[in-house]
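Engineer: predicted model, plus sequence, below.
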Amino acid sequence: MAKNRYIGEYPAIGIRPTIDGRRGVMKVRESLEEQTMNMAKSVKALYEKHLRYSNGEPVRVVIADTTIGRVGESAACAEKFKKEGVAVTVTVTPCWCYGAETMDMERDTIKAVWGFNGTERPGAVYLASVLATHAQKGLPAFGIYGHEVMEADDTTIPADVEEKLLRFGRCAVAAATMRGKSYLQIGSVCMGIGGSVMNTDFIEDYLGMRVESVDEVEILRRMDEHIYNEETVKEALRWIKENCKEGFDKNPEFIRRTPEEKEADWEFLAKMAVIIKDLMSGNPTLPEGCEEEMVGHNAIAAGFQGQRQWTDYKPNCDFGEAVLNSSFDWEGIREPYVLATENDILNGLGMLFMKLLTNRPQIFADVRTCWSSESVKRVTGYDLEGHAAASQGIIHLINSGAACLDASGEAVDAQGNHCIKPWYEVTEEDARRIADATRWCAADNGYFRGGGFSSRFETKYEMPATMIRLNLVKGLGPVLQIAEGYTVALPDAVSDTLWKRTDYTWPCTWFAPITDGIPGSPFATAYDCMNNWGANHGAISYGHIGADVITLASMLRIPVSMHNVSPDKVFRPAAWNLFGTKDPEGADYRACAAYGPLFKKN
């Protein structure tokens with residue numbers, strides 16, 4: 001697939017087959033060797049088939065050289081895993097083992113244990129014992145125990161076990177991938193938005209990342225001194241002329257930019273997007289003498305301040321944000337970047353979480369307006385239908401830039417469903433349809449005095465979607481909100497009427513959260529969801545992935561303050577149950593506080 005964009009190898013998953021260490025005349029251990037190692041091989045095959053890194057490669061899975069029955073073998077496994085770059089471990093067993101001797105004692109690995117549900121040898125007893133030991137030692141681990149009793153010689157993985165193994169693996173690889181990478185802020189605080197106020201302690205301690213900061217003037221310096229690849233800029237301009245169709249210009253005649261000025265803006269924006277890529281990932285093809293700039297910032301996510309100092313003076317970054325966040329550009333189909341508009345760091349990190357979980361491009365949007373069913377009826381005469389009617393309203397997700405172009409929903413899967421695909425499944429026809437559905441309208445000079453262009457499209461198809469928001473609360477720390485729902489396809493006349501109430505040149509998505517109708521619930525109606533939302537922005541991903549986000553949050557020790565995920569899909573470390581089972585939300589807060597950030601500095 002694609003080249004690894006980041007410095008260092010992707011994290012590997014290590015499989016630890018643990019076994020009853022007793023040998024002797026009865027050959028207890030010997031009788032279990034094949035079954036135990038087959039469990040490890042089954043998990044390895046499962047992960048290699050279904051899990052991929054962000055560049056599209058299958059995850060790398062390593063099995064211990066031998067089964068692990070005594071502490072010497074645990075130590076040998078740990079030594080091998082260090083050399084192999086293992087950051088995630090899954091311990092598997094069909095039988096009783098010596099818990100404290102065979103458990104993963106490494107502090108920095110993310111851990112799960114699968115105990116086989118069979119009666120011949122008590123794998124479930126080991127699972128319960130070792131999970132208790134993990135809790136006692138302050139090393140939380142996820143417990144996986146199948147619902148049905150299996151035959152001893154059955155090598156298949158039950159569906160419920162498979163679901164948990166995959167959820168754990170997906171989320172653990174996402175958490176481990178962030179470690180050591182950078183968040184690059186280009187500029188600083190935007191329009192007083194709290195999410196754009198950098199908190200380095202949070203990023204370092206909870207995500208294991210570092211913060212890099214570059215003034216926006218660096219982009220101008222690189223333009224003036226030609227610190228970019230000239231051929232790449234030419235290719236970007238050629239691609240723009242072929243694929244970026246201009247839309248209408250809403251500005252009054254007296255402040256409209258001339259065709260010549262707009263042409264110059266496109267060249268400026270092409271250079272700007274190319275330079276931001278170079279800042280994030282480095283570029284060995286920069287001109288000779290630019291060796292320092294070739295290195296880049298190893299940024300897995302970034303944000304651009306823009307307003308107001310930049311956009312009052314120069315063309316806005318809507319083009320660069322929208323295109324970098326998408327699954328294709330002049331390079332062809334490629335891994336999406338994460339570039340947050342207004343340098344909303346917390347929303348950019350939410351986009352990063354979901355990009356790593358799904359390998360799909362992400363949407364950045366204002367959570368702008370809740371239109372109740374009554375308001376829609378009053379203004380348009382239209383009765384909401386389907387999911388929107390069930391939610392008793394819709395939320396307008398709209399912002400000038402940073403929404404991936406894929407959010408138009410023009411990509412089509414093998415079953416004919418409109419969707420946002422993992423980037424490595426996007427076809428040339430998908431990319432063409434997505435580009436054709438987008439118009440680039442002249443920037444609203446009321447917002448952007450320096451000019452530029454904003455992407456304009458509408459999500460015209462119903463698709464499952466998950467919206468999240470990361471917030472920081474003084475005295476508490478980070479908290480996460482999750483709302484699963486559906487994008488809503490409105491009749492054109494209805495959508496236009498509502499859309500024109502705000503900026504008609506920006507990308508438009510209507511969203512109906514899944515609601516429960518319970519008075520006092522944050523999900524009673526669409527209005528209640530928006531009224532309980534923690535900030536002005538939301539990060540939105542294709543699919544109902546709230547369960548994955550909850551699992552990832554528990555690994556990072558970020559409590560979830562609001563979600564509408566079915567309780568039977570919530571999967572957290574086993575120790576969370578010991579913080580109380582009657583109130584899982586409260587137990588999540590208590591457990592996260594007790595264990596502290598995953599990557600906290602000693």
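Structural biologist: Nice, thanks for sending it over.
Engineer: burial measure for the closest residue in space to residue 537 that isn't next to it in sequence, as a count.
Structural biologist: Nearest non-adjacent residue to residue 537, counting by CB to CB, 6 or more residues apart in numbering: residue 347, 4.3 Å away. For every residue, glycine as well, the C-beta is placed using N, CA and C. Residues lying near residue 347 (other CB atoms under 10 Å) number 32.
Engineer: can you show me the CA trace of the helix or strand harbouring residue 347 as CSV?
Structural biologist: Using DSSP states H and E, residue 347 falls within helix 345-358. Taking Å, rounded to 0.1, in the frame of the first residue of the first chain, the C-alpha atoms of helix 345-358 are listed here in CSV:
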residue,chain,number,x,y,z
ILE,A,345,-6.9,21.2,18.4
LEU,A,346,-9.5,19.3,20.3
ASN,A,347,-11.7,18.8,17.2
GLY,A,348,-8.6,17.9,15.2
LEU,A,349,-7.7,15.2,17.7
GLY,A,350,-11.2,13.8,17.5
MET,A,351,-10.8,13.6,13.8
LEU,A,352,-7.5,11.8,14.3
PHE,A,353,-9.0,9.3,16.7
MET,A,354,-11.7,8.3,14.2
LYS,A,355,-9.4,8.4,11.2
LEU,A,356,-7.1,5.9,12.9
LEU,A,357,-10.0,3.7,13.8
THR,A,358,-11.6,3.6,10.4
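Engineer: pLDDT averaged over that helix - what is it?
Structural biologist: What helix 345-358 shows for mean pLDDT is 98.
Engineer: cool, stretch 43-54 as well?
Structural biologist: pLDDT averaged over stretch 43-54 gives 98.
Engineer: could you do stretch 404-413 as well?
Structural biologist: 98.
Engineer: distance between it and the chain's centre?
Structural biologist: Its chain's C-alpha centre and that of stretch 404-413 lie 17 Å apart, by CA atoms, centre = their mean, to the nearest Å.
Engineer: counting neighbours, what do you get for the spatially closest residue to residue 573 that is not a sequence neighbour?
Structural biologist: Sequence neighbours aside, residue 140 is the residue nearest to residue 573 in space, at 3.7 Å (criterion: CB to CB, 6+ apart). A count of neighbours around residue 140, defined by other CB under 10 Å, yields 23.
Engineer: cool, residue 270 as well?
Structural biologist: 25.
Engineer: what's near enough to touch residue 294?
Structural biologist: By CB atoms under 8 Å, 6 or more residues apart in numbering, the contact set of residue 294 is 282-284, 286.
Engineer: do the same with residue 168
Structural biologist: 90, 112, 142, 144, 551, 571.
Engineer: show me what contacts the spatially most central residue of the chain?
Structural biologist: In the chain, the residue lying closest to the centroid (CA atoms, centre = their mean) is residue 354, at 1.7 Å. Counting by CB under 8 Å, 6+ apart, residue 354 touches 360, 362, 466, 468, 539, 541, 545, 549.
Engineer: what of residue 502?
Structural biologist: Each residue near residue 502 by CB under 8 Å, 6+ apart is listed here: 368-369, 396, 398.
Engineer: hang on, the earlier thing: gap between the residue nearest to residue 573 and residue 400?
Structural biologist: The gap separating residue 140 from residue 400 is 42 Å, by CB to CB, to the nearest Å.
Engineer: so how far is stretch 556-569 off the chain centroid?
Structural biologist: Using CA atoms, centre = their mean, the offset of stretch 556-569 from its chain centre is 15 Å.
Engineer: buried sites along it?
Structural biologist: Neighbour-count burial for stretch 556-569, counted by 16 or more other CB atoms under 10 Å, picks out 556-565.
Engineer: number of residues surrounding the residue lying closest to residue 325 once chain neighbours are set aside?
Structural biologist: Nearest non-adjacent residue to residue 325, counting by CB to CB, 6+ apart: residue 404, 4.3 Å away. Neighbourhood size, residue 404 [other CB under 10 Å]: 31.
Engineer: doesn't residue 336 make contact with residue 404?
Structural biologist: Yes. Counting by CB atoms under 8 Å, residue 404 does reach residue 336; the two are 6.5 Å apart.
Engineer: which neighbours do those two share?
Structural biologist: Joint contacts of residue 404 and residue 336 (CB under 8 Å, 6+ apart) are 325-327, 361-362.
Engineer: which one of those has the most neighbours?
Structural biologist: When neighbours are taken as other CB under 10 Å, the top entry among those is residue 361 (31 neighbours).
Engineer: distance to residue 243 and secondary structure added to the contacts of residue 354, as a markdown table?
Structural biologist: Shown next, in a markdown table, are the contacts of residue 354 (distance: CB to CB, whole Å; DSSP: H, G, I helix; E, B strand; the rest coil):
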| residue | distance to residue 243 | secondary structure |
| --- | --- | --- |
| 360 | 21 | coil |
| 362 | 21 | coil |
| 466 | 29 | strand |
| 468 | 30 | strand |
| 539 | 26 | strand |
| 541 | 24 | strand |
| 545 | 29 | coil |
| 549 | 33 | helix |
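Engineer: pick the one among the residues you listed closest to residue 531.
Structural biologist: The nearest member of the contacts of residue 354 to residue 531, counting by CB to CB, is residue 468 at 17.0 Å.
Engineer: who's the closest one bridged to?
Structural biologist: Taking DSSP bridges as the rule, residue 468 bridges to residue 482, residue 539.
Engineer: circling back: what pLDDT is listed against the residue nearest to residue 573?
Structural biologist: 97.
Engineer: not counting its neighbours along the chain, what's nearest residue 473?
Structural biologist: Excluding its sequence neighbours, the residue lying closest to residue 473 (CB to CB, 6+ apart) is residue 479, at 6.0 Å.
Engineer: confirm that that neighbour sits in a strand.
Structural biologist: Yes. According to DSSP: H, G, I helix; E, B strand; the rest coil, residue 479 belongs to a strand.
Engineer: hmm, residue 558 and it touching each other?
Structural biologist: Yes. Counting by CB under 8 Å, residue 479 touches residue 558, with 6.8 Å between them.
Engineer: any common contacting residues for these two?
Structural biologist: Overlap of the contact sets of residue 479 and residue 558 (by CB under 8 Å, 6+ apart) consists of residue 470.
Engineer: re earlier: can you pull the phi/psi pair for the residue nearest to residue 573?
Structural biologist: The phi and psi values for residue 140, taken as degrees, to the nearest 10, are phi -60, psi 140.
Engineer: would you mind measuring from it to residue 195?
Structural biologist: Going from residue 140 to residue 195 by CB to CB gives 29 Å.
Engineer: what do you get for residue 302?
Structural biologist: For residue 302, the distance to residue 195 (CB to CB) stands at 14 Å.
Engineer: more neighbours: which of these two?
Structural biologist: Comparing residue 302 with residue 195 by other CB under 10 Å, the one with more neighbours is residue 302, at 28 against 25.
Engineer: got the contact list for that one?
Structural biologist: Residue 302 is in contact with 183-186, 276, 279-280, 337-340, 348, counting by CB under 8 Å, 6+ apart.
Engineer: the residues you listed in strands, which ones?
Structural biologist: Applying DSSP state E to the contacts of residue 302, the entries found in strands are 183-186, 339-340.
Engineer: most distant residue from the centre of this structure?
Structural biologist: Outermost in the chain, CA atoms, centre = their mean: residue 25 at 53.0 Å.
Engineer: helix, strand or coil for that one?
Structural biologist: Classification of residue 25 using three-state DSSP returns coil.
Engineer: check contacts around residue 152.
Structural biologist: By CB under 8 Å, 6+ apart, the contact set of residue 152 is 35, 94, 118, 120-121.
Engineer: quick one: buried ones out of these?
Structural biologist: Buried among the contacts of residue 152 (16+ other CB under 10 Å): 35, 94, 118, 121.
Engineer: quick check, nearest of the residues you listed to residue 515?
Structural biologist: Closest approach between these and residue 515, by CB to CB: residue 118, at 41.9 Å.
Engineer: check contacts around the closest one.
Structural biologist: 94, 149-152.
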